[in-house]
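> Here is a sequence with its predicted model. Questions after.
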Amino acid sequence: MNYKSGYMILRKCMMISLLLGTIVMKLVKSNERDELTKRNTRGGITMDKKIILLISTFLLALPMMIGCSKSSGETKSVEMVDEAGEMERNWQESSLFKSGNYTMIGEEGRLGFIYDDSEVVRFYPDKIQKYMWHFWGAEDELDGGLKVVATHEKDNNPIVLLETDLGGPNNGADRHTPSNLSLPKSGMWKLDAYIEEQLFGTVFVKVHDEN
């Protein structure tokens, strides 16, 4: 269940509430006309019918309102679970691909850096490694500085991993830049690459435990 489904449930609940309110107003006006007729004909007016009518309508509407509230709460809970599950599914190391004479990790035809998953180039906690980034795209997309923001799979505290300018074409890519990268702890990391503050792409990498 997504946000659209939750919105539709809330919208239906609001429509039910408005409809019940309209019915109540019509019934009240009808009751008042009846009471006015009684007063003109019998010389008196009672409130019993009006009170019974309002109480009955409220009791009928109450289960619907409770059901709407419960559905809304369940929707939010399911959405949170779905989002967490989606994030967990996506946190897998990015694919390797070839460009020129090199193997890279990232998204082929979009971005990546030279990496073949050998022990020599793997990420280890706090170990500085050299990686050459490559980017493919239109001229206007690649016009600007690069910033890479890293986020660990088990927390939401991103760190700025790299800020630099982009060089020209290299190894079949439209832009490239060298970098020295180090990540502080083991596990999966998401590296978001921004060019001129616009998200260009993401690379998922694993930081291995040291032997």
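Great, that's in hand.

> Provide the strand pairings for the one helix or strand Val149 maps to, with the direction of each partner.
Using DSSP states H and E, Val149 sits in strand 146-152. Here strand 146-152 has these sheet partners by DSSP bridges: strand 159-164 (antiparallel), strand 187-195 (antiparallel).

> and that strand, average pLDDT?
Strand 146-152 shows a mean pLDDT of 97.

> Same question for stretch 123-141.
Rounded mean pLDDT across stretch 123-141 is 97.

> quick one, strands of the chain?
All strands of the chain, identified by DSSP state E, fall at 95-99, 102-107, 111-114, 129-135, 146-152, 159-164, 175-181, 187-195, 198-207.

> Just put the ones you listed in TSV and tack on mean neighbour count.
Where you see a C-beta, it was placed from the backbone N, CA and C, and this is true even at glycine. Listed next are the strands of the chain as TSV, based on neighbours: other C-beta atoms under 10 Å:
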stretch	mean neighbour count
strand 95-99	14
strand 102-107	21
strand 111-114	24
strand 129-135	20
strand 146-152	19
strand 159-164	14
strand 175-181	17
strand 187-195	19
strand 198-207	18
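
> Quick one: closest of those strands to Phe123.
Closest to Phe123 of the strands of the chain is strand 198-207 (C-beta to C-beta; 4.3 Å).

> now for the closest one, which elements pack on it?
Using 3 or more C-beta pairs under 8 Å, 6 or more residues apart in numbering; DSSP states H and E, the elements in contact with strand 198-207 are strand 102-107, strand 111-114, strand 187-195.

> could I get these as JSON lines with distance to Leu181 and mean pLDDT?
Below are the helices and strands packed on strand 198-207 laid out as JSON lines (distance: least, C-beta to C-beta, whole Å; pLDDT from 0 to 100):
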{"stretch": "strand 102-107", "distance to Leu181": "12", "mean pLDDT": "98"}
{"stretch": "strand 111-114", "distance to Leu181": "8", "mean pLDDT": "98"}
{"stretch": "strand 187-195", "distance to Leu181": "8", "mean pLDDT": "97"}
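
> on that earlier part again, format the strands of the chain as JSON lines; extra columns: distance to Phe123.
Converted to JSON lines, the strands of the chain look like this (distance: least, C-beta to C-beta, whole Å):
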{"stretch": "strand 95-99", "distance to Phe123": "14"}
{"stretch": "strand 102-107", "distance to Phe123": "10"}
{"stretch": "strand 111-114", "distance to Phe123": "11"}
{"stretch": "strand 129-135", "distance to Phe123": "7"}
{"stretch": "strand 146-152", "distance to Phe123": "10"}
{"stretch": "strand 159-164", "distance to Phe123": "11"}
{"stretch": "strand 175-181", "distance to Phe123": "8"}
{"stretch": "strand 187-195", "distance to Phe123": "8"}
{"stretch": "strand 198-207", "distance to Phe123": "4"}
